[in-house]
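K.L.:
make a model of this:
(chains A, B, C and D)
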Protein chains: 4
Amino acid sequence: MSITEPILRPDPRSDAESPDDVSTKVDPGGGSDTVRRFLEVRSLTDALAERLSPEDQTPQSMTEASPAKWHRAHVTWFFEEFILRQDPDYAVYDETFRYLFNSYYEAVGERHPRPDRGLVTRPGVRDVTRYREHVDAAMVEALEAGRLDDAALGLVELGCNHEQQHQELLLMDIKHLFSTHAFGPVYVDREPDSPGDPAPIGWREFAGGVHEIGAVGSGFSYDNEGPRHREYLEDFAVSDRLVTNADWLEFMADDGYRRHEFWLSDGWAKVNETGWQAPGYWREEDDGGWTTFTLSGRRPVVPDEPVTHVSFYEADAYARWAGARLPTEFEWEAAAGTLGDARGQLLDPGRCHPGRAGSAMVGEVWEWTASAYLPYPGFVPANGAVGEYNGKFMSDQHVLRGASAVTPMGHERITYRNFFPAASRWVFSGLRLAR
Amino acid sequence: MSITEPILRPDPRSDAESPDDVSTKVDPGGGSDTVRRFLEVRSLTDALAERLSPEDQTPQSMTEASPAKWHRAHVTWFFEEFILRQDPDYAVYDETFRYLFNSYYEAVGERHPRPDRGLVTRPGVRDVTRYREHVDAAMVEALEAGRLDDAALGLVELGCNHEQQHQELLLMDIKHLFSTHAFGPVYVDREPDSPGDPAPIGWREFAGGVHEIGAVGSGFSYDNEGPRHREYLEDFAVSDRLVTNADWLEFMADDGYRRHEFWLSDGWAKVNETGWQAPGYWREEDDGGWTTFTLSGRRPVVPDEPVTHVSFYEADAYARWAGARLPTEFEWEAAAGTLGDARGQLLDPGRCHPGRAGSAMVGEVWEWTASAYLPYPGFVPANGAVGEYNGKFMSDQHVLRGASAVTPMGHERITYRNFFPAASRWVFSGLRLAR
Amino acid sequence: MSITEPILRPDPRSDAESPDDVSTKVDPGGGSDTVRRFLEVRSLTDALAERLSPEDQTPQSMTEASPAKWHRAHVTWFFEEFILRQDPDYAVYDETFRYLFNSYYEAVGERHPRPDRGLVTRPGVRDVTRYREHVDAAMVEALEAGRLDDAALGLVELGCNHEQQHQELLLMDIKHLFSTHAFGPVYVDREPDSPGDPAPIGWREFAGGVHEIGAVGSGFSYDNEGPRHREYLEDFAVSDRLVTNADWLEFMADDGYRRHEFWLSDGWAKVNETGWQAPGYWREEDDGGWTTFTLSGRRPVVPDEPVTHVSFYEADAYARWAGARLPTEFEWEAAAGTLGDARGQLLDPGRCHPGRAGSAMVGEVWEWTASAYLPYPGFVPANGAVGEYNGKFMSDQHVLRGASAVTPMGHERITYRNFFPAASRWVFSGLRLAR
Amino acid sequence: MSITEPILRPDPRSDAESPDDVSTKVDPGGGSDTVRRFLEVRSLTDALAERLSPEDQTPQSMTEASPAKWHRAHVTWFFEEFILRQDPDYAVYDETFRYLFNSYYEAVGERHPRPDRGLVTRPGVRDVTRYREHVDAAMVEALEAGRLDDAALGLVELGCNHEQQHQELLLMDIKHLFSTHAFGPVYVDREPDSPGDPAPIGWREFAGGVHEIGAVGSGFSYDNEGPRHREYLEDFAVSDRLVTNADWLEFMADDGYRRHEFWLSDGWAKVNETGWQAPGYWREEDDGGWTTFTLSGRRPVVPDEPVTHVSFYEADAYARWAGARLPTEFEWEAAAGTLGDARGQLLDPGRCHPGRAGSAMVGEVWEWTASAYLPYPGFVPANGAVGEYNGKFMSDQHVLRGASAVTPMGHERITYRNFFPAASRWVFSGLRLAR
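P.N.:
Got it, this is the predicted structure:
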């Protein structure tokens, strides 16, 4: 089943997912396709980092973010730790890296404290590059020699997806880091966008009933996307485009940030504590116009672009102001499943910024849903350390669906469940309305 | 429909709940029944406070808690603000109380800062009593004169339920306050319980399918219990009794608090930050035995009592350790609906502590569920300030079902959705397993 | 030697203070004078507390403050702990009070955590009163029976002075507590002051040279007032009156709170962090006028009253703005020693507020000096727990001299060294200029 | 020898220091000597940084520390801001640097927030080097052309001293940064020291009386070292060597960190809050021995080295435990003035660590004194922004005297007043006893 096929009908294989399966589903294969896939992913990381000086790659601008250098080493550690170390003949590059570049895998052991990742100046950028080359060579050799069994090949695919996630994080983190600089460094040069007029919002209607939700079939998906299961949905509608900057400016003009009646209690507390009065990275200029910080520096806000860098609280308040609500993740998935394979922007390294808000549901900005991030019925994480990948974060986070303009191409899926805490704003996050 | 009837079958009236309804459903009635009901609720509050000195009623031992004196005034303010003030002839007792005793109703206006409730020494206890008498007299007069319309009578019932909630909070808060005292004051004298043997855990099996969930019919319920709607459930089972202190001691003995593999990531962080190694109020004594602080002072832990004062994180970790999971709130409600009207220990002012873990699903301790506290499909809060009662808290909280040994009798319902943040431990909260 | 005698000449007894002496110098005497003195001090505490309800006496409005009830018990504990417990026949009133009412004497043992003093609801006010009566009876009995030796009689005098200090603290703390109440409770009713015109500031000139500083002779003084020793002073002058509210309004009008050049670095950080723009308890009213909270409620600022509730940082900034500086504590003492025994407003329970700024250097408000609170050369604290009275606080605090309108009469001395951290504003603290 | 005798060489003008003088005393001169001096100082900074990678030079490991790259740019900014910008023909290197590299000069304008210095990745190390070269060229050109007047030449000398201070800070900060790394990077390779036996402590006695204190004469000194003035001292003695690691181990073995009676109240609170049980950078190894982190990596503690990285609180507690006290800064200066020009270690870039505790009073570790950092009588800061150099920090800091093994040679003076908050431990700080 292709991920672009409609999913609003029963699937005979929906019971194929048993708790004994590994947490990630993949069609392993080894051989040259896997090598090519592996090297493509790896080289994109290096390409993204090439524009960054050693100094740029070192700091951590907030606890949630990580240094670019750390991202590059951590994704490499993932292959070394979970695949290469299984081979007793593998020569570990540096035993200290297990401590320095483990992110949160308790089962692997002690690790460097997360808030201090920006203090690890050694290894430096050059040594991290050598580490990457060492692991790449060992991986390619193992793949080409056919030494990896199916479980290991599943981990290769997981590792590639993991690295793609970190490519997006690297760009989010660099954007945050650069935004703290008073004089706005530029990550990628690009021409200014010409402003256009957003289209009016229309609605797509969907009939309720029992729907099948979750990943199915032979393509890769994370463990948290399954088991495929049934959800009962009432009739619903979702808007046919994302909320735009122009829409958001109306909300602001209508005192959206100053009227408690639109806000969840925690969101209202956050607004009052932080003084939010516009999306993340926005700034009101002396002439009353608004600019936003982009990976190409500070730019005027473009009206027909989808709004981004809003928190769940803001998205939820906007929806209430608009007389609507956020879709649940199940509604979102059911709706997206009917739309064919249209994709929006996705990662273009020469742009790294959303385009116009179009009709596709995947690819401009991640869309906050009304759903809490919880396990699907029957969810069981994989055994071992990789079981920590997703499951242990299933409390007090909120699901985002779709994908953004910094999500690497091929990493998107309509069953994909992204998740962040309600107050997060450094994600490329926006929203779509439901009713 | 009685709340104890089974709900595992279609309900023809399930479409009765439309978004235009008021947020709380009640069978208004006025007259002497309402007066009697009103006065019963009011007098229980006074009875609970009678054992407390003016000094006991003044402090606030943490931000989440409130002074007993404040509870007594705030529930009174609720009747004055939402009912009596509608009558232009009503003589407001003291205009400053609107500011001092509003809890969180933004629509009512500015209010005293929550963390500083313990600093409001004036009005004193005696004046609060006079305030209560003033409002009671006006309420009884209005009720007996038949001056309240149906909407107002609905608010009377809401106010009574509101006051019952605060009766439970008052006892939770006093327990917390007294527990900070090195020499453990006693709220209620009572004989020690004799320890017994917990029964082995059994399982009740339930068939999946589309289930109707939520409040229905003429009895009172909060707005967040509706609209009644359909949920698709897979087959499931719930344990036939609560987890006991004896069970919990096994978890502790098996290093449950020291093995990351049982814990959600946020829970594990909390354990490491706080040093939790046992439920709230527990203390290891010099002889290695465990005691717990109760409203009758410090007592040895009784093995066959249900464990209580555990956080969601602990409940979730315990369930994982036990090879099980927490039920969702829908599973819980479906299961409880089949069990008739058996009730465990509800508030007995001479005890204020759970009894043995028995077969009833309501009473003893609130039960953490796996569900996040989210709106039911089609949920719309009431208009006006009372619309802030429940809806604005629907993010990052967790649903508890059942009721506890400090929940006033008559306040419990199987559709009742209690909710607290994941780390809360001052609730009388325990758990039941599911699989 | 009277404390009002000039101190600008060598004192033959300056070497009388040896490290072996007890920390406080007192002319013990026992007998009926001591009993009368003891009872007078004790009864003033009760008189000050009489206006406070049990609720008023319970909370702690900030960590630095204490509940009135706690003050009353703590000063009683001091007599019990350090004097009565030496008598094996003494019947301790309640053994738990040793834990509950020890302030900071590490040598006495564990104690109730300071930030939680407001949570100790038991003993209540009535029981604290009984505790006071119990200890008073035992003290009087011991004094009248002549059972106390000289060391113990020294501790009686220390205990009386200790209680006087807490009388001032009780009033400071009640003022702070009441000020947090939106509707400003009144501690003492009193007529509004009529505003007058402050006199122009004049200067008193003093010749430099070697001066003797510190307490001497048979009158009581704290250990930190000695040993009497020599200090070399340059020629200096001090202003002949305190800085007034009228003066302060000029400083404010000249942007004193917004011009960094007047401020110490830590002070400037504090101003920016807290938003200070006027003395403590001041508030700008809608008509642009300023009021201040007093123990008689909120009142318009009176121009010719000494400014009070300013921090060291503000006092220092004001002095720099005025082209002057604060006097050192040695200059202050040398100057005050020449002025005879004139006293300004000391504690009048019917007023509890400074009067006009007059010529006396003692009374009205405590005066910040330029001096850090450090030991005098040769200072050695007393042995045992009472040695913790003063010495262990000798770091990062600032000396205030004089006394305030809430300092009990008879407690003031020109050698008295009061001390508080630089940012404190709940003290009745003002300033005098030097150059 | 009286302490008012010349301290390094005779200076007839010891009374030349009046409050009207500029804040820094220097013998200006221009010409080739100044150029040589300037370039020597500048090149030492570069030499110290050469061992650091761009990554090493980027982070800030705590708010009090700064990135090496920032130090290098900030000291350069000092010359540009206060000297070169006076010349209208000077071409500013980059106008954004005024914002990025101002440390705390309010009069210069807004600046980059101190806690975020580690986030300024641009300019990078290479660009900072170019900035240094640009400023050096302009400075040399101006000096050689004789374009700088006496005031400007005074600022050149101040700038050189300022840069020397930052050389020490750079080494302190790199030590702190490297210490956070689990695998202890090495800044400078060096042979381990062989342990020796500390000599017993002896005492040097000094007679009291009126002593002259403070800088005098034509050599450079900071404004805070004057005006030279009189202090009356009692007879005193200071130990003839520093307290050593061996001494400190005795203090630890005698439960020095667990006995409240030795500690100031704030210090005891700090010990309990932080868990200090040994000097900064010390670690107890599995064999019970102690190591310390040095700029050459982790090394066993050497008994006869002076203890270092102790806070004021620890130094004060140690002195009390030893039955002694810390000297005042006046006693220290008086004592040091009698000892000729013996110097201890001072900065040897091949070592960067104290040597044996010898008889010199200057050069191994900074010595905490009992004195608060306060202005000398008649102190007036310089006009303009450089007046912020020292004066505004004169509250709640403690004076250290001497100099350390990372103080650049030629920067030490016996009138030098270093100052840090009481809890600081990343300074190379130790102590000497007095009595």
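K.L.:
please list the residues of the stretch 151-300 of chain A that sit near chain B.
P.N.:
Proximity of the stretch 151-300 of chain A to chain B, by C-beta under 8 Å from any C-beta of the partner chain, involves residues A:210, A:229-232, A:234, A:260-261, A:263-268. Quick note: C-beta positions are derived from backbone N, CA and C, even for glycine.
K.L.:
change it to 7 Å
P.N.:
Proximity of the stretch 151-300 of chain A to chain B is confined to A:V210, A:H229, A:R230, A:E231, A:Y232, A:E234, A:H260, A:L264, A:S265, A:D266 under the rule C-beta under 7 Å from any C-beta of the partner chain.
K.L.:
next up, phi/psi of the last one, please.
P.N.:
In other words, A:D266. Main-chain dihedrals, A:D266, degrees, to the nearest 10: phi -60, psi -30.
K.L.:
was I right to think it contacts B:Q397?
P.N.:
No. Taking C-beta atoms under 7 Å as the definition, A:D266 is not a contact partner of B:Q397, at 8.9 Å.
K.L.:
looking at the two, which is more packed in?
P.N.:
Counting neighbours by other C-beta atoms under 10 Å in any protein chain shown for A:D266 and for B:Q397 shows that B:Q397 has the greater number, 22 against 19.
K.L.:
top strand in chain A by residue count?
P.N.:
strand A:366-372 (DSSP state E).
K.L.:
paired strands for that one, with orientation please.
P.N.:
Strand partners for strand A:366-372, identified by DSSP bridges, are recorded as strand A:398-402 (antiparallel), strand A:429-430 (parallel).
K.L.:
want to throw the ones you listed into JSON lines with mean neighbour count, mean pLDDT and distance to A:L242?
P.N.:
Conversion of the strands paired with strand A:366-372 to JSON lines gives the following (neighbours: other C-beta atoms under 10 Å in any protein chain shown; pLDDT from 0 to 100; distance: least, C-beta to C-beta, whole Å):
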{"stretch": "strand A:398-402", "mean neighbour count": "27", "mean pLDDT": "98", "distance to A:L242": "9"}
{"stretch": "strand A:429-430", "mean neighbour count": "30", "mean pLDDT": "98", "distance to A:L242": "5"}
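K.L.:
could the ones you listed go into CSV alongside distance to A:W321?
P.N.:
Written out in CSV, the entries for those read as follows (distance: least, C-beta to C-beta, whole Å):
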stretch, distance to A:W321
strand A:398-402, 19
strand A:429-430, 15
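K.L.:
so what's A:A434 up against?
P.N.:
A:F236, A:A237, A:V238, A:A324, A:R325, A:L326, A:P327, A:E331 (C-beta atoms under 7 Å, 6 or more residues apart in numbering or on different chains).
K.L.:
doesn't A:G358 make contact with A:G344?
P.N.:
Yes. A:G344 lies in contact with A:G358 (C-beta under 7 Å); the separation is 5.8 Å.
K.L.:
of these two, which one has the most company?
P.N.:
When neighbours are counted by other C-beta under 10 Å, A:G344 and A:G358 differ, and A:G344 comes out ahead with 24 against 18.
K.L.:
pLDDT score assigned to whichever residue of the stretch 1-150 of chain A sits closest to chain B?
P.N.:
When you check the stretch 1-150 of chain A against chain B by C-beta to the nearest C-beta, the closest residue turns out to be A:E106, at 3.9 Å. The predicted local distance difference test score for A:E106 is 91.
K.L.:
give me the number of residues near it?
P.N.:
Residues near A:E106, counting by other C-beta under 10 Å: 17.
K.L.:
which pLDDT value belongs to the residue lying closest to it once chain neighbours are set aside?
P.N.:
Of all residues beyond its chain neighbours, the one nearest A:E106 is B:H260 (3.9 Å), with distances taken as C-beta to C-beta, 6 or more residues apart in numbering or on different chains. Per-residue confidence for B:H260 comes out at a pLDDT of 96.
K.L.:
residues in contact with A:W290?
P.N.:
When contacts are counted by C-beta under 7 Å, 6+ apart, A:W290 touches A:A278, A:W282, A:R283, A:E284, A:V301.
K.L.:
residue ranges in chain A under the pLDDT threshold?
P.N.:
Counting by pLDDT under 70, the ranges of chain A that qualify are A:1-31.
K.L.:
quick one, strands of it?
P.N.:
Counting by DSSP E, chain A forms strands over residues A:203-206, A:209-213, A:229-233, A:236-239, A:282-284, A:290-294, A:297-300, A:366-372, A:398-402, A:418-420, A:429-430, given from the N-terminal end onward.
K.L.:
just give me the longest helix of chain A.
P.N.:
helix A:150-179 (DSSP state H).
K.L.:
many thanks, I have nothing further to ask.
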